[in-house]
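Q: Quick one: sequence and predicted model below, then my questions.
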Amino acid sequence: MYKLITVLILVVLLGCSDHTRKNLEQGNSINDNPLKGELNEVYTYKAISEDLTLGFSKFLDPGIYEGEESARFRGSLLTLFGEPLYQSDNAEDAYHYVIEVSNDTSKWHFMVYDGPSGPAIGYDQKENQPNAIESAKALLEKIRETPPSDFNEIIYYEDFGSKITYGCKNGECFYKEENEESH
């Protein structure tokens, strides 16, 4: 679907050359087209198995704070990258991954984590590499389009005395928060 939308945008904006039309008729990817640019840039994603000594800070907010969406986000990370580099039962520091995003010319390191304000993507802005925001958005889109793995976790908001049970099972995600004092 994404490729079709991209093709339509390019056709509308740039017109469709005979070369482009022939490539599309032959089933070639739009990425094989000489018009390939930043819009169609291909990234690869890899979990790093060691904590990097970078000063990660919140760089991109996925707009997820709690609930089933946060469970889906974590489940999708599990599908893509396996178990996190770090995890705890503290809801304000539940897990983190260090992810390398790369293309033919550059690579960026991001920390994907669940912190005090929910899931986020962190970046060491001292690296100040061009196109960091574009690669972070590509990573976020990759996470969002990935089906979640099954998991079940219990985390605690100690400040509020809350116990949260969340996870995914067969693609359906759940999130239940309860007052710990009632148990």
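A: Looks like it came in fine. Numbers count the residues shown, from 1 in each chain.

Q: Next, give phi and psi for F151.
A: phi -160, psi 160 (degrees, to the nearest 10).

Q: Hmm, it is touching F73, no?
A: No - between F151 and F73 there is no contact under Cβ atoms under 8 Å: 11.5 Å. No exception for glycine: its C-beta is placed from N, CA and C like everyone else's.

Q: how far away is N103 from P119?
A: Computed as Cβ to Cβ, to the nearest Å, the N103 to P119 distance reads 24 Å.

Q: out of these two, which sits in the more crowded spot?
A: Applying other Cβ atoms under 10 Å to N103 and P119 shows that P119 carries more neighbours, namely 24 against 16.

Q: Name the SS class of the spatially closest residue to Y123 that is not a sequence neighbour, please.
A: Distance criterion Cβ to Cβ, 6 or more residues apart in numbering; nearest residue to Y123, sequence neighbours excluded, is F59 at 3.7 Å. Classification of F59 using DSSP: H, G, I helix; E, B strand; the rest coil returns strand.

Q: Please apply the same query to A47.
A: Three-state call for A47 (three-state DSSP): strand.

Q: The residue lying closest to it once chain neighbours are set aside: how many residues sit nearby?
A: Using Cβ to Cβ, 6+ apart and skipping the chain neighbours, the partner closest in space to A47 is F81 (3.9 Å). For F81, the count of nearby residues is 19 (other Cβ under 10 Å).

Q: Great, nothing more from me.
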